[in-house]
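Q: whatever this is, show me its structure:
(chains A and B)
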Protein chains: 2
Amino acid sequence: MIRIKNALVMPMTNGIEITNGEVWTDGSKIAFVGKPTAEQLSTAVFDREIDADGGLVMPSFKNAHTHSAMTFLRSYADDLPLQEWLFNKIFPMEAKLTGEYIYYLSKLAILEYLTSGVTASFDMYFEPEYYVKANIESGFRTVMCGSISDDKSNVDRLDGFMQRFNGIHPLIQYRLGFHAEYTASYELLEGMAELAKKYHQGVSTHNSETEKEVCDCIKKYGKTPTELFDSLGLFEFGGSCFHCVHLSDNDMSIFRDRGLYAVTCPGSNAKLGSGIAPIVKLHDSGIKLGIGTDGPSSNNCLDMFREMFLVTALQKLVFKDAAACPAEWVLEAATVGSAHAMGLDDCDVLAEGKQADLIIIDLNQPNMQPLNSVANNLVYSGSKQNVALTMCAGKVLYERGEFFIGADPREIYAKANEIIRSMAD
Amino acid sequence: MIRIKNALVMPMTNGIEITNGEVWTDGSKIAFVGKPTAEQLSTAVFDREIDADGGLVMPSFKNAHTHSAMTFLRSYADDLPLQEWLFNKIFPMEAKLTGEYIYYLSKLAILEYLTSGVTASFDMYFEPEYYVKANIESGFRTVMCGSISDDKSNVDRLDGFMQRFNGIHPLIQYRLGFHAEYTASYELLEGMAELAKKYHQGVSTHNSETEKEVCDCIKKYGKTPTELFDSLGLFEFGGSCFHCVHLSDNDMSIFRDRGLYAVTCPGSNAKLGSGIAPIVKLHDSGIKLGIGTDGPSSNNCLDMFREMFLVTALQKLVFKDAAACPAEWVLEAATVGSAHAMGLDDCDVLAEGKQADLIIIDLNQPNMQPLNSVANNLVYSGSKQNVALTMCAGKVLYERGEFFIGADPREIYAKANEIIRSMAD
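A: Presented below is the predicted three-dimensional model:
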């Protein structure tokens, strides 16, 4: 067992309530949360005691939308118009990717997630076997999201992935998903609906990221992407939609009625000039929220702290109201909401029996002082610098700047540079 | 002499050009930048050699608008409407401040600046003698900006401060400034113009932060704040304006003609819902730019990396254009522009004879890899976590998480908490 003591604990089982206490883990699970009695302490046997030094123990962040392996395109094509970025820069480079490249580039992303207190990603990319290998070796949790499109893969292959990867390892899951309406034929969407019925599972996809995407869909089908997907039965068992920047009132009704998760990616939406998702309206409509970084080619970093600040700051800007989108919503979305959006309900909060996916936040840093409100400090002044420890499934993967993922970070950096150089040639 | 070797160097003397090289410092100054010859190396005597480990040496960031001592109000009154925040929360607490409190609260801010690679602040607050003490003791550079208003202080007192604090210490300067139009009588503004003439110096002030401020000024004077100030001769010798969110075309002409600096504070403007400054338009009009964090009660952190991303990301959002406001503009504004905005021209770039105000950025971190573009990495994925070393006037004040400011950070944290508790009672 591992004992984390001398801590503040925010289990997220009761909003952002924080108490003094301890968290104990046993194997991959949480064994205890609270103030132990003298008797409990006298009978427990600990392999390690971690002094949190007054820091905050809380559920780790979950990254509910990303394309991890795109690390190689970080800072490769910034400050370009969206279409030029995508078609002249991103797509040609992605065409050169190999499975081995994806393996290393995913490890680079995992390193970065850990520095930001993220322990799971809802990842949409190609070559899942190499991505799976990178995650298992690193001890990182992932839920892969189907990414099929007309050009890449198809419904049968997705069905094969579902069978092949679910159950392969406790840290790995695969869920139904496709890339986006604008890269999918009507037949592909119909096939997705069949799969949803077959697996009784929600379907996830990019949805309404740009105005153009929505306008083109309306032109083509007379429906918004959300209306189209719903009309085909894609959301019969729920699902998660990524971005959700340009939603109509009717779209939001569908989200609410179907129990869909809206996963917001404010960093990417801002950097690509796509717009600001209607978070306040979504929340007030009773729609469930998650937060994603999107891929590192469009964000460009994988930092949940930056995303959290952006989620609320951009709402305050839109509504010209400093009271819009309080910190509690944001913390809920970055932890519990994101976990649920990717189908993870066993690592969402700190409670006995849940998976030990947690972080320790160092409060003895100038940006976290004074302690007027620890929750607000997290959202409004928190930073990766405050992540003292990141634990996934009971294993410490990152602690005070050091990584424990069974690989040398420098070798991964060197490999990433080698890959992009060889591609650029 | 201190030798920083095994580095990439971005002196900011030629845009964001980066070369392999070294930086040597001697006392408070930079003694050498470039690739030393064997002869130079054989004759130099170093007190310390710092291996930058392939990291980037660049000019430190300068925070061109802040109210440092407001650290005590961090996370004290978030998610409130602006007027309630200011009049019911901020002003009553500020009324309880003492000089001793300001001394400790300023030290807390200095700690935070150092973690973000900031070595100088253009600070507007009360009780300058206590603030000066905190800066000198810490080895931190500050330019105090006059903050007079009808309620607090007056032109004569400001004149006294100018004489008392300029020349008191190499790290300390005091410049002409007043709080804002909406807290100043016409007579106060006339007095400021007199002082500008007396000192042949620019005048700095909050300007056009909110729509209300501009509308009220037009109602009262038939002029925007910028037009009013200019008509009184306040900008005869230039100056810096903080926020600059709501500027008219004529305001921008005045900025350009007078050589005024527009200091943007995007984090604070977003969090308070004040709006987005027209950075692209300002830049394209030839107006010089600086960046400030504003005070920690409205931001809530003092992090130049967050500000840099916001400067460009918000422009991309406004223009729906991923190409808007490239990284180079932002780096220029955060270093050279901000230094000049506060009247510092001896610590703006890395060049022989300049003050040794510099930082080392750790590139061996996942968010800075691969090295497709180090400059873009800084702006789009950089974070405080990457600041390996912060040097001010040739002295290392922060290195790999440790502070060297002659005080125990924990004591400062404890003091800050004690202060806010005593005030809340």
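Q: let's see stretch A:133-146 as PDB, backbone CA atoms only.
A: Taking Å, rounded to 0.1, in the frame of the first residue of the first chain, the C-alpha atoms of stretch A:133-146 are listed here in PDB:
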ATOM      1  CA  LYS A 133       2.100  -0.500 -27.000                       C
ATOM      2  CA  ALA A 134       3.300   3.000 -26.000                       C
ATOM      3  CA  ASN A 135       0.600   3.300 -23.400                       C
ATOM      4  CA  ILE A 136       0.900  -0.100 -21.900                       C
ATOM      5  CA  GLU A 137       4.700   0.200 -21.600                       C
ATOM      6  CA  SER A 138       4.300   3.700 -20.000                       C
ATOM      7  CA  GLY A 139       1.600   2.600 -17.600                       C
ATOM      8  CA  PHE A 140      -0.700   5.300 -19.000                       C
ATOM      9  CA  ARG A 141      -4.400   4.800 -19.500                       C
ATOM     10  CA  THR A 142      -6.000   5.400 -22.800                       C
ATOM     11  CA  VAL A 143      -9.400   5.100 -24.400                       C
ATOM     12  CA  MET A 144      -9.000   4.900 -28.200                       C
ATOM     13  CA  CYS A 145     -11.700   6.500 -30.200                       C
ATOM     14  CA  GLY A 146     -12.500   5.100 -33.600                       C
END
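Q: pLDDT on it, on average?
A: For stretch A:133-146, the mean pLDDT works out to 98.
Q: buried ones in it?
A: A:133, A:134, A:135, A:138, A:139, A:140, A:141, A:142, A:143, A:144, A:145, A:146 (16 or more other C-beta atoms under 10 Å in any protein chain shown). Placement of C-beta: from N, CA and C, glycine included.
Q: same deal with stretch A:347-365?
A: For stretch A:347-365, the neighbour count (16+ other C-beta under 10 Å) marks A:347-350, A:354-363, A:365 as buried.
Q: next one: stretch A:402-410
A: Using 16+ other C-beta under 10 Å as the test for burial, stretch A:402-410 gives A:403, A:405, A:407, A:409.
Q: need the strands for the stretch 251-400 of chain A, in chain order.
A: Assigned by DSSP state E, counting those that start in this stretch, the strands in the stretch 251-400 of chain A fall at A:261-264, A:288-291, A:358-361, A:387-392, A:395-399.
Q: sorry, slip of the keys, the one I care about is the stretch 51-200 of chain A.
A: Under DSSP E, counting those that start in this stretch, the stretch 51-200 of chain A gives strands at A:56-59, A:61-66, A:118-123, A:141-145, A:172-175, A:177-178.
Q: chain B is nearest to which of the ones you listed?
A: strand A:118-123 (11.6 Å; C-beta to the nearest C-beta).
Q: relative to the closest one, what are the paired strands and their orientations?
A: Using DSSP bridges, strand A:118-123 pairs in its sheet with strand A:61-66 (parallel), strand A:141-145 (parallel).
Q: distance check, residue A:198 against residue A:402.
A: From residue A:198 over to residue A:402 the distance is 44 Å, taken as C-beta to C-beta, to the nearest Å.
Q: now do residue A:347
A: In this view, residue A:347 and residue A:402 are 23 Å apart by C-beta to C-beta.
Q: and for residue A:199?
A: Taking C-beta to C-beta, one finds residue A:199 at 40 Å from residue A:402.
Q: same check on residue A:39?
A: From residue A:39 across to residue A:402, the span is 35 Å (C-beta to C-beta).
Q: please apply the same query to residue A:378.
A: From residue A:378 to residue A:402 the distance is 23 Å (C-beta to C-beta).
Q: try residue A:367
A: 21 Å.
Q: now do residue A:169
A: 25 Å.
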